[in-house]
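predicted coordinates and the sequence they were generated for:
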Amino acid sequence: MRQIICEKLDQIERRENVRILHAVESGSRAWGFASPDSDYDVRFLYVRPREYYLRLDKQRDVIEWQLDDTLDINGWDLQKALRLLHSSNPTLFEWTNSPIVYRTTPVWENVRVVINQYFSSKSGLYHYLNMANSNYREFLKGETVRLKKYFYVIRPLLACKWILDKHCPPPVLFEELVHAQLDEDLRNIVNELLRRKMASPEMGEGPRIDRLNEYIGRSLVEIKTAADGMKQTFQPGWEPLNRLFLSIVK
């Protein structure tokens with residue numbers, strides 16, 4: 001699949017007249033809990049020729065290349081990515097820290113140097129908290145629940161705990177978050193769920209796991225209180241990003 005994905009990236013560069021700066025895996029494969037039938041979520045950052053950015057008519061700043069049962073490939077223009085970085089968009093930090101890299105460039109290293117300067121603990125907390133909350137309400141409140149959705153609640157909760165503890169972007173790998181932030185008495189339950197998910201194409205439904213639900217409910221309240229009371233940290237302005245962008249497109 002890596003070879004197929006790299007060939008797709010080559011096609012994108014030729015047909016879209018772009019230069020791909022960085023391409024990674026996102027989603028369950030990058031998080032470390034993919035099922036046997038999980039698709040490949042490929043995300044990339046690209047830059048176009050300088051003349052493209054000098055046009056008066058507005059142009060699309062995303063490339064949605066493929067979406068099917070096996071591959072989900074799309075990317076952001078560098079200009080879009082840097083604008084979102086200015087507002088501390090958490091998605092960009094996840095792509096930057098993905099453990100599965102399909103392609104990168106020396107230019108991307110110049111971007112990486114400035115990325116963490118724009119991380120906002122408060123923005124990150126609300127992003128992951130909202131993700132955990134919405135999945136919890138929708139999938140885990142009944143007597144019978146979709147078991148795989150526990151990962152889509154616990155992972156963002158542990159990411160919140162990492163941010164509160166270390167004030168930096170959380171790691172992408174679920175295993176690293178579990179080791180650093182999950183209560184020890186819950187690890188056997190989570191590890192057994194993880195084993196089942198990675199071995200089965202579809203976990204299906206099962207009885208609610210009360211110990212996990214109690215942990216989730218308690219954590220949601222604690223993190224919300226901490227996020228509401230946190231002061232917004234200072235972030236650099238536009239100038240470093242403007243200089244970086246100009247140095248790349250020229």
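Thanks, I have the structure now. This is a predicted model, so every value here is computed, not measured.

would you mind listing the residues in contact with the residue lying farthest from the centre of the chain?
Farthest-out residue of the chain from its mean C-alpha position, per CA atoms, centre = their mean: residue 56, at 32.4 Å. Going by CB atoms under 8 Å, 6 or more residues apart in numbering, residue 56 touches no other residue. Heads up, the C-betas are built off the backbone N, CA and C, glycines and all.

wait, residue 47 sits on residue 249?
Yes: here residue 47 lies in contact with residue 249, judged by CB atoms under 8 Å, at a distance of 6.2 Å.

returning to what we had before: quick one: the residue farthest from the centre of the chain is in a helix?
No: under DSSP: H, G, I helix; E, B strand; the rest coil, residue 56 sits outside any helix and is assigned coil.

any idea how far it lies from residue 190?
With distances taken as CB to CB, to the nearest Å, residue 56 is found 53 Å from residue 190.

show the pLDDT at the residue sitting nearest the centre point of the chain.
The C-alpha lying nearest the average C-alpha coordinate of the chain belongs to residue 94 (CA atoms, centre = their mean; 3.8 Å). Predicted confidence (pLDDT) for residue 94: 96.

now swap in residue 58 and tell me
Among the per-residue scores, residue 58 shows a pLDDT of 88.

tell me how many other residues surround it.
By the measure other CB atoms under 10 Å, the count of residues near residue 58 is 6.

what do you get for residue 229?
Neighbour count for residue 229, taken as other CB under 10 Å: 8.

ok, back up a step: with adjacent residues omitted, what lies nearest to the residue nearest to the centre of the chain?
Sequence neighbours aside, residue 172 is the residue nearest to residue 94 in space, at 5.8 Å (criterion: CB to CB, 6 or more residues apart in numbering).

burial measure for that neighbour, as a count.
When counting by other CB under 10 Å, one arrives at 24 neighbours for residue 172.

which ones are touching it?
Shown in contact with residue 172 (CB under 8 Å, 6+ apart): 30-31, 94, 97-99.

on that earlier part again, secondary structure element holding the residue nearest to the centre of the chain?
Using DSSP states H and E, residue 94 maps to helix 90-97.

in which helix or strand would I find residue 80?
helix 78-86.

now do the strands in this protein.
Ranges of strands in the chain, per DSSP state E, are 19-26, 40-47, 62-67, 71-77, 101-104, 144-146, 205-207.

before we move on, back to that, compare residue 47 and residue 249 and say which is more crowded by neighbours.
When residue 47 and residue 249 are compared for neighbours, residue 47 comes out ahead with 20 against 16, by other CB under 10 Å.

on that earlier part again, how far away is the residue farthest from the centre of the chain from residue 47?
As for residue 56, its distance to residue 47 is 20 Å (criterion: CB to CB).

repeat for residue 109
14 Å.

residue 19 too?
5 Å.

got it, and residue 18?
7 Å.

count of neighbours near residue 144?
Applying other CB under 10 Å, I find that residue 144 has 10 neighbouring residues.

just the one 3 residues further on next, same as before
A total of 21 residues lie near residue 147 under the criterion other CB under 10 Å.

so it is in contact with residue 207, correct?
No: if you go by CB under 8 Å, residue 147 and residue 207 don't touch, sitting 9.2 Å apart.

tell me who's in contact with residue 79.
When contacts are counted by CB under 8 Å, 6+ apart, residue 79 touches 53, 61, 245.

can you select the buried ones among these for me in ChimeraX?
Filtering those down to the buried ones (16 or more other CB atoms under 10 Å) takes a single ChimeraX command:
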select :53,245
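
list the contacts of the residue nearest to the centre of the chain.
Shown in contact with residue 94 (CB under 8 Å, 6+ apart): 26, 30, 169, 172.

now do the last one, the pLDDT please.
According to the prediction, residue 172 has pLDDT 98.

where's it relative to residue 159, distance?
Relative to residue 159, and taking CB to CB, residue 172 is found at 9 Å.
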